[in-house]
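*Asks:* coords please:
(chains A and B)
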2 protein chains.
Amino acid sequence: MNIRSNPDTTRPAVTTGALPSSQKIYVTPDAAPDLRVPLREIILSKEAAEPNLPVYDTTGPYTDPAITIDVNAGLKRPRTQWVLERGGVEQYQGREIKPIDNGNVSGEHAAAAFKAYHQPLRGVGDSPITQYEFARKGIITKEMIYVATRENLGRKQQLERAEAALADGESFGAAIPAFITPEFVRDEIARGRAIIPANINHGELEPMIIGRNFLTKINANIGNSAVTSSVEEEVDKMVWAIRWGADTVMDLSTGRNIHTTREWILRNAPIPIGTVPIYQALEKCDGDPVKLTWELYKDTLIEQCEQGVDYFTIHAGVRLAYIHLTANRVTGIVSRGGSIMAKWCLAHHQESFLYTHFDEICDLMRKYDVSFSLGDGLRPGSIADANDRAQFAELETLGELTKIAWDKGCQVMIEGPGHVPLHKIKINMDKQLKECGEAPFYTLGPLTTDIAPGYDHITSGIGAAMIGWFGCAMLCYVTPKEHLGLPDRNDVKVGVITYKIAAHASDLAKGHPAAQLRDDAVSRARFDFRWQDQFNLGLDPDTAKAFHDETLPKDAHKVAHFCSMCGPKFCSMKITQDVRDYAAGLGDNEKAALYPAGHVGMTISGVIEDGMAQMSAKFRDMGEELYLDAEKVKESNRALS
Amino acid sequence: MNIRSNPDTTRPAVTTGALPSSQKIYVTPDAAPDLRVPLREIILSKEAAEPNLPVYDTTGPYTDPAITIDVNAGLKRPRTQWVLERGGVEQYQGREIKPIDNGNVSGEHAAAAFKAYHQPLRGVGDSPITQYEFARKGIITKEMIYVATRENLGRKQQLERAEAALADGESFGAAIPAFITPEFVRDEIARGRAIIPANINHGELEPMIIGRNFLTKINANIGNSAVTSSVEEEVDKMVWAIRWGADTVMDLSTGRNIHTTREWILRNAPIPIGTVPIYQALEKCDGDPVKLTWELYKDTLIEQCEQGVDYFTIHAGVRLAYIHLTANRVTGIVSRGGSIMAKWCLAHHQESFLYTHFDEICDLMRKYDVSFSLGDGLRPGSIADANDRAQFAELETLGELTKIAWDKGCQVMIEGPGHVPLHKIKINMDKQLKECGEAPFYTLGPLTTDIAPGYDHITSGIGAAMIGWFGCAMLCYVTPKEHLGLPDRNDVKVGVITYKIAAHASDLAKGHPAAQLRDDAVSRARFDFRWQDQFNLGLDPDTAKAFHDETLPKDAHKVAHFCSMCGPKFCSMKITQDVRDYAAGLGDNEKAALYPAGHVGMTISGVIEDGMAQMSAKFRDMGEELYLDAEKVKESNRALS
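*Replies:* Residues are numbered from 1 along each chain as shown, chains lettered A, B, ... in the order given. Alright, predicted model coming up:
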């Protein structure tokens, strides 16, 4: 379907321009007049008797017609100023780029280096550097003000409805406020329940927050491999992914040109970029895990800290003692990072150097405020291996490491599975919250069945919606190509849209204030046959319009008060209008009088027994009763045991 | 993606031939040697050190190379013999087909009539006719034996594992046995907890069962409309839908040629066909609901009973008194049948004739064993309208009508929503079980958000997996075109595959015996890099293979022990093999000895405290502990409150 929906692309080869019937708007928070927090406003048709709809915007400058995009120059770096003005950092001569950083690639195989060079910053002394340290000291940073403004989208105008939504939802013990203040953001970060992945060297970043009490986020993985794809493709994929709603992007590149690819991505990325440093370290020793050393790994961390990577996946929970627990699994160890470390531990008969050197890793990452994404190297790779001892032993160790990282001043989130059947998803979520002190959970899917290769965006979207509802803070997308190949541009879009659906469905269920505003806007457009508004309010206007045009291509049909399902002759929506006109004209007594005794919401046997008076009373009650109160919902969920 | 995956089609224009690397096999139950119950066996490669995998087969004769398909002649009708031999029926001169049955279509617009005519059967006197009546009398029919054999697929060979699966699952009070006997089928039908939709005039039918304690089923909607599509397309869609796994098909045709289209579909359908008779009745009065009469409707029911329709959607729960409850909804009444009846009730200021004549409808449907699918005419059409009083008032009436239909000897299932956010799905399921005496629930989705037109197979697949887990017996698919247009061939396939995923995910979670066998087979193939087996074991081998070929086209790569994600240089699966070889060689003491004190699953601080002996003990414990027992799972689900 996505072939249809590719927007025009401009040179350089990334997709720019506003989404259909949308405009970029910037909000200036009272607390920091120099900030410009972006949002997207969906412009509705004249027929719509309602204001335009503001929505959360991850697209960065690429959708702002006022900004000229030059991928070769990279994005502006306003955030560097925020970092400098609060002090505690120094600019210094960074580590020199070595040929091995790009796999000793040369000649035609070497990707063009990114021209501009920015001297890196790092923290000095004991003054706070990380968002966690500022939060602990009670200091509200501009990043915190920025994300508060961003998360509040639509809430201010909707406070009443927001409180109703909260009351109606089931958040399983989350603490979602009706309105987000910078102080609330600070407090959640100080408690370790949320993170703002924001390397001080990522000046291009538009800060965002990951935590159970904020909007559920999604991540898109990109990256070239030894087998396929180029630097240009990866930059294009990154821009394409955020266009459709990716909140963060992980660069999982392997093979050659790793450093250069990452530099191009970072300098053009308004969203946090995550990596798995062990991948590059492995390339530096010819792909042989046995040759890995702490020094080589540490050097790679410094290289990436200086570039501005916002979070590192570090598989420090894969301990020597846990490895044999995977021996009897159906699919063993499926995490690349996990298996690299397993191989190293076995070959050397030693504890993982990521575990034994964890303190040093913390000290290093703190200097740049790189957030931890503690990797689940022993996650299950199949339904059969879900929730086994290997997975949970590692999770317990991740809990131990989380507390160490906090003590060192670092921000932390925890990675999760993977492959888990529906009935075992909650036990994963609950155990993570318990073991890791409510640090944000960041899961891959999970896939709820293994029988549909080619459709794993769907098998996993189901699990993602559920674990998001149960408390997962960020959902890592899975594309249709999972287990089969590397995602291309279309796969990236399908994966992102699918995960936006999962994240939004979980926000609705948790009772996130204002989450339902967009659903309601679509529903009203649908009911009014405002086709263009329905397309434009959706996650993918291009595909929606293309589908509609397949059956009713004429432009006239865009305003036609019927659809191809029922045809022009008859339409249920029209009848509803009759019902409204009809009901509008009636008072209670008239209503009651309309219905002959016994024909009002009672059993056939009841017809004989009941009289008119009772019936009209019963009838009025029915008219008033609603099933929308929170108690009934919670009661029904309690019944799950 | 589906363009890639169209198999060859033969004339007549329906898709025939076996699925990739699959063969049709027939099982003969001991209890009825003349029955041939079909299943599909997936043939694995020589490299696979395991037997071929049998899977449930909905494809009918179309995938049996031994059978020549002639759409013009229709399928063989072996089941007619079963009906005749048990007696209680008479063959008679059926109702004459009138021009109005096809909307008075003539000339070029008239579709070619189906040639063969079969005189209809109907029940006579009080002897049992319906499966419900036989079940109540303690009689086991061939249909019951047939479905028992069909449902047991893989269980006999797997009884031990089956019991383990049951123990592990969470079925919310369902009563799923490790092994299905014909007597269990009879008992479930007698209790009204399951139905076998099987009109005595549908001789082409391969019986299937719908009930909470059996495999979760899916339905695919097809049908032409006044705006688009032809008879040929609809027959092709039906065959295409069952090829990918649809258990039943509903013909929702409107406009002209309704009777002829349905005849072509029925005579070529090995699966139950459902309809919404009010659609045709409406066509008979020029699409004006006000002109509808009981006589016109009754005549339409007879017409369709004689053709062999297996279940009717009847919106008898849309009562005059409930209509005004929809007046303040965001999307009012979205069910076509519901809005037709609402219009009629308002226009005449009378109770619905479907409600007042319900007894007669039962008597009529009983004579042909047409099952009720009691329609939810007031289902919500948006997240905003979910679980409101209008919906639940109707559901309560459906419960009342269920008991009447049972007293009349009819089989009954109940239709459900629609649009429901995650946290309100269980309240729907629980209320249906309570109000309708555990009659099978049959829901459309539900969609869990309204913000993704063009992706409603996904927004609804999420809700479908959950409600299936909670106890829904059949899931009505939603295609990507929902709300935008009529599904074409590709949309039908995407919808069916998505719902097969949802149904299977819920079976896994309920602990359905043998459900996990297919997941495990795929996982083993994945781990062994048996690419062809992985493709062939999946729901859509064509798409899986096409995706793989996009990145690694060479045939050599089909056996390559690596994939495009990691490339040939490094692969996590290979490392796992090292782990196994390694672990295989070790005894407990050796294992313990391997690890220096303090490096075995303990905190860093613990290093100092603990000694060698304790550690190896702790280590052994961990090795044995597993998180797979049912109690932990149930406990975690109890935590949902």
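
*Asks:* the helices in the stretch 301-450 of chain A, which residues?
*Replies:* A:320-323, A:336-348, A:353-356, A:358-368, A:389-407, A:425-435 (DSSP state H, counting those that start in this stretch).

*Asks:* make JSON lines out of these and add mean neighbour count, distance to chain B and mean pLDDT.
*Replies:* For every residue, glycine as well, the C-beta is placed using N, CA and C. As requested, the helices of the stretch 301-450 of chain A are exported to JSON lines (neighbours: other C-beta atoms under 10 Å in any protein chain shown; distance: least, C-beta to the nearest C-beta, whole Å; pLDDT from 0 to 100):
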{"stretch": "helix A:320-323", "mean neighbour count": "26", "distance to chain B": "4", "mean pLDDT": "93"}
{"stretch": "helix A:336-348", "mean neighbour count": "25", "distance to chain B": "4", "mean pLDDT": "92"}
{"stretch": "helix A:353-356", "mean neighbour count": "22", "distance to chain B": "8", "mean pLDDT": "98"}
{"stretch": "helix A:358-368", "mean neighbour count": "20", "distance to chain B": "8", "mean pLDDT": "98"}
{"stretch": "helix A:389-407", "mean neighbour count": "22", "distance to chain B": "5", "mean pLDDT": "97"}
{"stretch": "helix A:425-435", "mean neighbour count": "22", "distance to chain B": "3", "mean pLDDT": "97"}
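
*Asks:* quick check: which of those is nearest to residue A:44?
*Replies:* Proximity to residue A:44, assessed across these by C-beta to C-beta, is greatest for helix A:425-435 (37.3 Å).

*Asks:* does residue A:547 belong to a helix, a strand or coil?
*Replies:* Classification of residue A:547 using DSSP: H, G, I helix; E, B strand; the rest coil returns helix.

*Asks:* what's the neighbour count on the closest residue to it other than its chain neighbours?
*Replies:* Distances taken as C-beta to C-beta, 6 or more residues apart in numbering or on different chains place residue B:484 nearest to residue A:547, at 4.2 Å, with adjacent residues excluded. Counted by other C-beta atoms under 10 Å in any protein chain shown, the residues lying close to residue B:484 total 29.

*Asks:* again, but for residue A:113
*Replies:* If we define neighbours as other C-beta under 10 Å, then residue A:113 has 13 of them.

*Asks:* can you check the pLDDT for it?
*Replies:* Listed pLDDT for residue A:113 reads 91.

*Asks:* again, but for residue A:15
*Replies:* Residue A:15 is given a pLDDT of 94.

*Asks:* repeat for the one 4 residues further on
*Replies:* pLDDT recorded at residue A:19 is 96.

*Asks:* check contacts around it.
*Replies:* Neighbouring residues of residue A:19 by C-beta atoms under 8 Å, 6 or more residues apart in numbering or on different chains: A:7, A:40, A:59, A:63, A:243, A:541.

*Asks:* show the contacting residues for residue A:192.
*Replies:* Residue A:192 is in contact with A:132, A:402, A:406, A:412, A:437-439, counting by C-beta under 8 Å, 6+ apart.

*Asks:* what is the nearest of the residues you listed to residue A:261?
*Replies:* Nearest to residue A:261 among the contacts of residue A:192, with distances taken as C-beta to C-beta, is residue A:412, at 26.5 Å.

*Asks:* where exactly do the strands run in the stretch 251-400 of chain A?
*Replies:* With DSSP state E, counting those that start in this stretch, the ranges of strands along the stretch 251-400 of chain A come out as A:273-275, A:311-314, A:371-374.

*Asks:* need those strands in CSV with mean neighbour count and mean pLDDT, can you?
*Replies:* Listed next are those as CSV, based on neighbours: other C-beta atoms under 10 Å in any protein chain shown; pLDDT from 0 to 100:
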stretch, mean neighbour count, mean pLDDT
strand A:273-275, 25, 98
strand A:311-314, 26, 98
strand A:371-374, 28, 98
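
*Asks:* Throw those into TSV and include distance to residue A:116, thanks.
*Replies:* As requested, the strands of the stretch 251-400 of chain A are exported to TSV (distance: least, C-beta to C-beta, whole Å):
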stretch	distance to residue A:116
strand A:273-275	17
strand A:311-314	23
strand A:371-374	25
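
*Asks:* out of these, nearest to residue A:87?
*Replies:* strand A:371-374 (21.0 Å).

*Asks:* now check that closest one, is it near chain B?
*Replies:* No - under the criterion of C-beta under 8 Å from any C-beta of the partner chain, strand A:371-374 makes no contact with chain B; the nearest approach is 14.9 Å.

*Asks:* what's the offset of that strand from the middle of its chain?
*Replies:* In terms of C-alpha atoms, centre = their mean, to the nearest Å, the centre of strand A:371-374 is set 16 Å apart from its chain centre.
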